[in-house]
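>>> Return atomic coordinates for the entry below.
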Amino acid sequence: MNAVPQTVTKHTLASQMLWPEDATHTIESVELEPAVPASVEPLVPRLRELAALGDALRSLQSVDGTLLRPETAAALGADSAQLLRELADADPVTPEAAAIMRLRADALLDGASSEEAARREAALAEPQPLTVFCGPLCTWRAKTDAGLHTVVATTSHAAGDRLIADLDASREDALAAVRTQVGLPDLGVHALLPMQITDLIAAGGEASAFPKHFAYFLPVDEGLVDGDPAERKTILFRNVYDLRYEHMSSRLAEALLDGPELRADVPPIAPLLGWLRAHDVAHGLTLPGDEHEHAAGVGREPLMALHEVTANVYGLLLAITPPWLERQRASVSDVAAIYLAEMLQYMRRGPARWGDAGAAYMELNFLERNGFVDIDELGRISWDVDRLVEGTAAHARVLAQAIIAADETRLAEAFLDEYAWGEDTAAARTAESLMRRLAAVPTALAYR
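Numbers count the residues shown, from 1 in each chain. This next block holds a predicted model:
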């Protein structure tokens, strides 16, 4: 797989809101290489054509969704609708997926709401040979709250779906192990939402802008935040996640992590998926007296950072429990190496700017300030498995008191005061290296 780096030297206003303005950003071009079933392979040219139409239609939208040339946009929408209907009639498409595609085609033709299609897609829990999104999607809230035209075509990835199912089946055993490790016998979890593992076949419009997502949360990303929480799902692009780790996270780790590495015979995708599913589970953790929404007084991004740091820390503890390690076919060291590499990837977005980047910074800041890792003058992190696990468990206990079962905003504020972004910390040296010294490592991927 060849990668062609391209340095970005000028940003639009929207890009400036998404990336730190004073950092250098690099985009690397990669082949998606999806595992396309034989039955879907003949449809790939049409899917790429639909994505190209999506690029053209999105180019006619301003950032608030206003169409700059409505007549041209209508013609592109009509062509897209015709392609959608042809795809809906194809043999590999299931009846429900076909019905959803036709609803999306109707919305493109007459400007009707795509709400029914969005809700039916989110409620469709079974893996699909072909899923096609074609319509408005909100990808980055700092860019706009408007739905911008998007095309995404995916196919289910059976091995990934089996791994998630196996992890979910052993969730209670994993949670019991975490309860024992952190001394919280009453730790519980809300109902878990489905996660479908797919391969991305084609992307157009807003989905092809920068930076790109490796997963969507439905129907929320289609602008529907109300309704039954049980009728939601995550759709994850396995090949994009794998490529992001290969071209971005692993290279950051090679430059900044001094400790055990992911073993050469362990495919990174299994611990990546295991860690992410554990993170997903940890977002639903509860304790008696659970009042963590009291933390809302700290502000939008700080609140997000608090939720993300809790999910990250407890997610690691879940991912390294014996039941989940067995299913990932990985060791504690393997999962820990993945975790730290991904921590660097998120921190690079700017800890003072994004909640998930701020969460990654707080994780590292907690570990360093409490003696669980060491950071040198260039921000390189020295770590070992035993200290990292001990530090993560200690962090989990602090978060249980400050966030999960907190009944006052002041507890969350105190945690932020102690560990949130500060320029005079060892962790800040790591952030500085991530955003400047390692500028040659791509910030985003482009798909060929």
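>>> Could you check how far the residue of the chain most remote from its centre is from Ala52?
Here the chain reaches farthest from its C-alpha mean at Glu71, the gap being 35.6 Å by C-alpha atoms, centre = their mean. Distance of Glu71 to Ala52, computed by C-beta to C-beta, to the nearest Å: 19 Å. Every residue, glycine included, has its C-beta placed from N, CA and C.
>>> Can you read off the pLDDT for the residue farthest from the centre of the chain?
For Glu71, the pLDDT comes out at 95.
>>> can you map out the helices along the stretch 1-150 of the chain?
13-18, 44-59, 70-88, 95-110, 115-123 (DSSP state H, counting those that start in this stretch).
>>> can you give me the strands in the protein?
Using DSSP state E, the strands of the chain run over 4-8, 25-30, 131-137, 148-156, 188-189, 195-205, 215-218, 233-237, 257-258, 285-286, 374-375, 381-382, 444-447.
>>> Show me what the second one pairs with in its sheet, parallel or antiparallel.
Right, the one you point to is strand 25-30. Here strand 25-30 is paired, per DSSP bridges, with strand 4-8 (antiparallel), strand 444-447 (parallel).
>>> Likewise for the longest one?
Looking at strand 195-205 with DSSP bridges, its paired strands and their directions are strand 148-156 (antiparallel), strand 233-237 (parallel).
>>> Not counting its neighbours along the chain, what's nearest Arg171?
Sequence neighbours aside, Val281 is the residue nearest to Arg171 in space, at 6.3 Å (criterion: C-beta to C-beta, 6 or more residues apart in numbering).
>>> and if you look at Asp242?
Excluding the flanking residues, the one nearest Asp242 by C-beta to C-beta, 6+ apart is Ile269, at 5.0 Å.
>>> Counting neighbours, what do you get for the one you found?
21 (other C-beta atoms under 10 Å).
>>> so what pLDDT did it get?
96.
>>> which residues touch it?
Ile269 is in contact with 160, 238, 241-242, 245, counting by C-beta atoms under 8 Å, 6 or more residues apart in numbering.
>>> now do Gly223
So Gly223 contacts 118, 136, 138, 147 (C-beta under 8 Å, 6+ apart).
>>> correct me, but the third one touches Gly147?
The one in question is Cys138. Yes. Between Cys138 and Gly147 there is a contact at 5.2 Å, judged by C-beta atoms under 8 Å.
>>> okay, and the common contacts of the two?
In contact with both Cys138 and Gly147: 222-223, using C-beta under 8 Å, 6+ apart.
>>> tell me the domain ranges of the chain?
31-156+195-231, 158-193+246-441 (automatic domain parsing).
>>> gap between the shortest one and the chain center?
Translated: domain 31-156+195-231. When distances are taken as C-alpha atoms, centre = their mean, to the nearest Å, domain 31-156+195-231 is centred 18 Å away from the chain's centroid.
>>> now the last one
Between the centre of domain 158-193+246-441 and the centre of its host chain there is 13 Å, according to C-alpha atoms, centre = their mean.
>>> Would you reformat the helices of the stretch 1-150 of the chain as JSON lines and include distance to Arg410?
Compiled in JSON lines, the helices of the stretch 1-150 of the chain are given as follows (distance: least, C-beta to C-beta, whole Å):
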{"stretch": "helix 13-18", "distance to Arg410": "31"}
{"stretch": "helix 44-59", "distance to Arg410": "45"}
{"stretch": "helix 70-88", "distance to Arg410": "51"}
{"stretch": "helix 95-110", "distance to Arg410": "47"}
{"stretch": "helix 115-123", "distance to Arg410": "37"}
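>>> out of these, which comes closest to Phe214?
Nearest of these to Phe214, taken as C-beta to C-beta: helix 13-18 at 15.5 Å.
>>> Mind checking the pLDDT average for that closest one?
pLDDT averaged over helix 13-18 gives 43.
>>> is it true that Pro442 touches Ile27?
Yes. The criterion here is C-beta under 8 Å, and Pro442 meets it with Ile27 at 6.0 Å.
>>> From Thr321, how far off is Gly315?
11 Å.
>>> who has more neighbours, these two?
Gly315 (25 against 22).
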